[in-house]
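Visitor: Just need the structure, nothing else, for what follows:
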Amino acid sequence: MFKKILVANRGEIALRIIRACKEMGIPCAAVYSEADENSPHRRLAGESVCVGSPISAKSYLNADAILDAAKKTGADAVHPGYGYLAEKAEFARACADAGLEFIGPGPDILALAGDKIACKKVMAEAGVPVTPGPPEGVSDVREAARAAREIGYPALIKSSGGGGGRGIRICRDEAALQDEFPIARAEAGAAFGDDRVYIEKLIEKPRHIEFQVLADRFGHIVHLGERECTIQRRYQKLIEESPSPALTPDLREKMGEAAVRAAAAVDYFNAGTVEFMLAPDGRFYFIEINARIQVEHPVTEIVTGMDLVKEQIRLSSGGRLSFSSKDVPIRGWAMECRINAEDPDRGFLPSPGVIEKCRIPGGPGVRVDTHIHQGYEPPPFYDSLMAKLIAFGPGRKDAIAVMRRALDEFQISPIKTTIPLHRRIMDDPSFIQGDMDTGFMERFSPGEEEDD
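Guide: Here you go, the predicted structure:
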């Protein structure tokens, strides 16, 4: 086991990793920016190193500063959490060169998973269902138009290095494609330093289903069931749950087998997520592999009873998986709401300020992963996620009832949050029935996009 782990992140995920380390008896150290000098994760770790100014590029994304912090603290492993350096192949390689264990997949896996064009081609060759479209990227608008005509409109332009919805454009006809293609390439280049794009068929009214996988260094891969992540806004997840109300036992088995096949196709290691689109006709298509711990991992932890962060650490230290996917028990229903410092009634504009009142919900069936407290002022330099509220019950309606009660208890003021929005969703008849697709929020909040 490791002698010390450097936690290369901030906020609630840093706290989550630090707590797992403490329970495993592993000393840990934290990094922090100047904006996070008084952050809870720094205090909880006990040992910490400042890695730069508030700007992420000069602190949490500063690989040299992170590696230097590991050296100063005597750490022999680095846990990147999610975001920031978690999916950077060059950082994982730099850790290896420095004699540090990167707690996550190796650099070759990260590089392939981050290249959507190459990864999709590998999946198709492995027999994993992929969305119709040419396996290669398109270099200009003529190639894009030719590909779209072959698969039929509507079509999607997607960026090879993309994530979070950036570099994605919907084209319902060739005129739209002519307009959107240069925009998509420019956005992809600006966001990811890679302006390659590809074309695929737009699947109308899909659900977003992902499978959690674990893989050891000995070729053993398991999945831990699925998470439904269909409630999204502009490709950003708002609510996640496990299991999915849409999956039959037969479909769950088929998708789980495809997830394991996908992980095996890239020689996956550690924890990861294989994401699919589920069409209304029951067919499903590979989207991508998220090569890290996910924001929504708590819902899987609750229904399986497993600690995914501890599993990451155990696998990275050479541990073996001693069970199969069929051995994993799925008990009850878990649901997560992401609580962001945003005003849903004003186009999800950021809501800055000091938290003057903070009441965290509790009681049976409630878990809250957060770093906020009364008197805390969320730095404006980082993601707006303030808390993850997770509710659990024997069934889906029970989980919704617990979530309603917990949302009513949760108070953060005077800044605006997504708590009232989540509370309204919990009362929506379509949501209650599990009747949803990725366009749910456009129908639920008419006119919201125009106000953004």
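
Visitor: Strands of the stretch 51-200 of the chain, residue ranges please.
Guide: In the stretch 51-200 of the chain, the segments counted as strands under DSSP state E, counting those that start in this stretch are 77-79, 101-102, 155-159, 169-171, 197-201.

Visitor: ditto for the stretch 201-350 of the chain
Guide: With DSSP E, counting those that start in this stretch as the criterion, the stretch 201-350 of the chain has strands at 207-215, 221-233, 236-242, 270-278, 284-290, 333-340, 342-343, 349-350.

Visitor: Select, out of those strands, the one closest to P429.
Guide: Ranking the strands of the stretch 201-350 of the chain by proximity to P429 (CB to CB) places strand 221-233 first, at 14.4 Å. Using the backbone N, CA and C atoms, a C-beta is placed for each residue, glycine as well.

Visitor: circling back: distance to Y268 and mean neighbour count added to the strands of the stretch 51-200 of the chain, as a markdown table?
Guide: Below are those laid out as a markdown table (distance: least, CB to CB, whole Å; neighbours: other CB atoms under 10 Å):
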| stretch | distance to Y268 | mean neighbour count |
| --- | --- | --- |
| strand 77-79 | 18 | 26 |
| strand 101-102 | 14 | 22 |
| strand 155-159 | 22 | 25 |
| strand 169-171 | 30 | 18 |
| strand 197-201 | 22 | 23 |
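
Visitor: how about CSV for these, with distance to T131 and mean pLDDT added?
Guide: Shown next, in CSV, are the strands of the stretch 51-200 of the chain (distance: least, CB to CB, whole Å; pLDDT from 0 to 100):
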stretch, distance to T131, mean pLDDT
strand 77-79, 33, 98
strand 101-102, 31, 98
strand 155-159, 8, 93
strand 169-171, 13, 94
strand 197-201, 4, 94
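
Visitor: and D427, which of these is closest to it?
Guide: Closest of the strands of the stretch 51-200 of the chain to D427 is strand 169-171, at 29.7 Å (criterion: CB to CB).

Visitor: Run the chain-centre distance for that closest one.
Guide: Counting by CA atoms, centre = their mean, to the nearest Å, strand 169-171 is centred 23 Å from the centre of its parent chain.

Visitor: can you pull out the helices in the stretch 51-200 of the chain?
Guide: 63-73, 89-97, 107-114, 116-125, 141-151, 174-192 (DSSP state H, counting those that start in this stretch).

Visitor: quick one, the fourth one and strand 155-159 angle?
Guide: Per axes from the mean of the first three to the mean of the last three CA atoms, to 10 degrees, the angle that helix 116-125 makes with strand 155-159 is 120 degrees.

Visitor: again with the fifth one
Guide: Orientation of helix 141-151 against strand 155-159 (the same axes, to 10 degrees) gives an angle of 130 degrees.

Visitor: Could you list every helix and strand that helix 141-151 packs against?
Guide: If contacts are counted by 3 or more CB pairs under 8 Å, 6 or more residues apart in numbering; DSSP states H and E, helix 141-151 sits against strand 155-159, helix 174-192, strand 197-201.

Visitor: I'd like those written out as a markdown table, with distance to S430 added.
Guide: As requested, the helices and strands packed on helix 141-151 are exported to a markdown table (distance: least, CB to CB, whole Å):
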| stretch | distance to S430 |
| --- | --- |
| strand 155-159 | 25 |
| helix 174-192 | 29 |
| strand 197-201 | 26 |
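
Visitor: Any idea which of the ones you listed gets closest to I18?
Guide: I18 lies closest to helix 174-192 among these, at 30.0 Å (CB to CB).

Visitor: what's the angle between that closest one and strand 197-201?
Guide: Using the same axes, to 10 degrees: helix 174-192 against strand 197-201 is 130 degrees.

Visitor: in helix 174-192, what's buried?
Guide: A176, L177, E180, F181, A184, R185, E187, A188, G189, A191, F192 (16 or more other CB atoms under 10 Å).

Visitor: mind listing the helices for the stretch 301-450 of the chain?
Guide: Per DSSP H, counting those that start in this stretch, the stretch 301-450 of the chain carries helices over the ranges 308-316, 396-409, 419-426, 429-433, 440-444, 448-451.

Visitor: re the thing from before, nearest to V266, of the helices and strands packed on helix 141-151?
Guide: strand 197-201 (17.9 Å).

Visitor: tell me the angle of the closest one relative to strand 284-290?
Guide: Strand 197-201 and strand 284-290 are oriented at 150 degrees to each other (the same axes, to 10 degrees).

Visitor: Can you name the residues in contact with strand 197-201?
Guide: With CB atoms under 8 Å, 6 or more residues apart in numbering as the test, strand 197-201 has contacts from 116-117, 120, 131-134, 136-138, 144, 147-148, 151-152, 154-160, 167, 181, 184-185, 188.

Visitor: And that strand, how far out from the chain middle?
Guide: On CA atoms, centre = their mean, the centre of strand 197-201 falls 22 Å from the chain's centre.

Visitor: so where's the stretch 351-452 of the chain shaky on pLDDT?
Guide: Applying pLDDT under 70 to the stretch 351-452 of the chain picks out residues 445-452.

Visitor: right, so of the strands of the stretch 201-350 of the chain, which gets closest to L385?
Guide: Comparison of those against L385 by CB to CB identifies strand 333-340 as nearest, at 5.6 Å.

Visitor: Each with direction, which strands does that closest one pair with?
Guide: Neighbouring strands of strand 333-340 in its sheet, by DSSP bridges, are strand 236-242 (antiparallel), strand 385-393 (antiparallel).

Visitor: And the contacts of that strand?
Guide: For strand 333-340, the surrounding residues in contact (CB under 8 Å, 6+ apart) are 237-243, 295-296, 298-300, 302-303, 348, 370, 384-396, 398-400, 403, 407, 410, 412, 417-419, 422.
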